[in-house]
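> Okay, here's the prediction I keep looking at, along with the sequence it came from:
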2 protein chains.
Amino acid sequence: MFSKSCEYALRAVIFIYIKAKDGVRLSVPAIAKEIDAPIPYTAKILQTLTREGVIESIKGPNGGFFVDPRARVTLADIVKAMYGSDKVLHTCVLGLKECSDEYPCPIHARVKGYRDHVRTVMKNTTVQSLVNDLAKGRTFLKNERRRKSSR
Amino acid sequence: MFSKSCEYALRAVIFIYIKAKDGVRLSVPAIAKEIDAPIPYTAKILQTLTREGVIESIKGPNGGFFVDPRARVTLADIVKAMYGSDKVLHTCVLGLKECSDEYPCPIHARVKGYRDHVRTVMKNTTVQSLVNDLAKGRTFLKNERRRKSSR
DNA sequence: GTAATAAAAGACAAGAATGTCCGATATTAC
DNA sequence: GTAATATCGGACATTCTTGTCTTTTATTAC
């Protein structure tokens, strides 16, 4: 559905919001580890998110990435920051540029409700609203580590 | 949502089914034009679809691509032929490999219902069922041509 | 048989996405 | 001030997707 960059971005921002209290600042390696992504690639994505104003950063010792926990950031805001627009939330399943109710592709009517719903979820879901379940271990940000099976 | 190859494939097969009557055989250029795709790239996709048994082909003069209009082909069959599996219909929005009800990503619960809906649509929608609306001009397979504006 | 046609197959090229690296810059500690 | 730290910025490398081209193979017409 989204590019890997965008998936990393979503996971990174969610993680940063978990740690948003107490003015904690997170380093690139700490974030990369938590979202299970390559360190340098994570750095680049965090730069983009900072430039776009989704998160904040400070250089130097005790520097790192952080957010204002009161800032209202939606998942769609993150998507938009990564793609430059939220066009990706409007794409046609068959790849038509102009697919719409007036000029529909053959499956437009059948998937329209789904696409609209996902868009609504992305636009109306704030990162903050996800933090609670995550902190309580009811949801997860990275793949479960397989224990090495003893033989 | 899907790769361009897969979008082309879906559109191509739908088009071939429209012409399925009368034992008509379609050439690569004819199909490429109809789905608005590069000719050689279309050729490669049609080869894959033929190899996977989604469509049929015959070489030589009066050869081309065709289908048995009675064959039941679903959209999911086409997706599967292009990706080698239908895993793409199960992907997590945040990119987790193991996202599930038991091990959910933070937005799993919010999008699950609709992701399942799309999978159901793809699995239960036959190409044949789309042909009628298309033939009657109620749905479309390619972008509308912009008329050149006179000045 | 030969010539013409059209798909099959595989090699190749271009572009985009993903991933890596290094020097520059800003901040802190001293 | 200097040294240490950590992001910023851009260049670079790799991989995957997309797109192109050429030769081979099968079929038809004659």
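Nice, thanks for sending it over.

> Torsion angles phi and psi at A:Phe66?
Per-residue torsions, A:Phe66: phi -160, psi 170 (degrees, to the nearest 10).

> In chain A, which helix is the longest?
helix A:108-124 (DSSP state H).

> Report the angle between that one and helix B:108-124.
Compare the direction of helix A:108-124 with that of helix B:108-124 by axes from the mean of the first three to the mean of the last three C-alpha atoms, to 10 degrees and you get 170 degrees.

> so what's A:Asp77 closest to, chain neighbours aside?
Once flanking residues are discounted, A:Asp77 sits nearest to A:Val54: 6.2 Å by C-beta to C-beta, 6 or more residues apart in numbering or on different chains. Any C-beta I mention is one placed from the backbone N, CA and C, and that applies to glycine too.

> got a list of what the one you found touches?
By C-beta atoms under 8 Å, 6 or more residues apart in numbering or on different chains, the contact list for A:Val54 reads A:13, A:73, A:77-78, A:81.

> quick one on the thing from earlier: give me the helices and strands touching the longest helix of chain A, please.
Here helix A:108-124 touches helix A:75-83, helix B:108-124, going by 3 or more C-beta pairs under 8 Å, 6 or more residues apart in numbering or on different chains; DSSP states H and E.

> Going by neighbour count, list what's buried in that helix.
Within helix A:108-124, the residues that count as buried by 16 or more other C-beta atoms under 10 Å in any protein chain shown are A:108, A:110-112, A:114-115, A:117-119, A:121-122.

> Which of the residues you listed sits closest to B:Pro104?
Using C-beta to C-beta, A:Val121 comes nearest to B:Pro104 of the buried residues of helix A:108-124, at 14.2 Å.

> The closest residue to that closest one other than its chain neighbours and A:Lys123: what is the separation?
In space, and not counting its chain neighbours, A:Val121 is closest to B:Arg110: 5.0 Å by C-beta to C-beta, 6+ apart. To A:Lys123, B:Arg110 is 12 Å away according to C-beta to C-beta, to the nearest Å.

> now do A:Thr139
In terms of C-beta to C-beta, A:Thr139 sits 20 Å off from A:Lys123.
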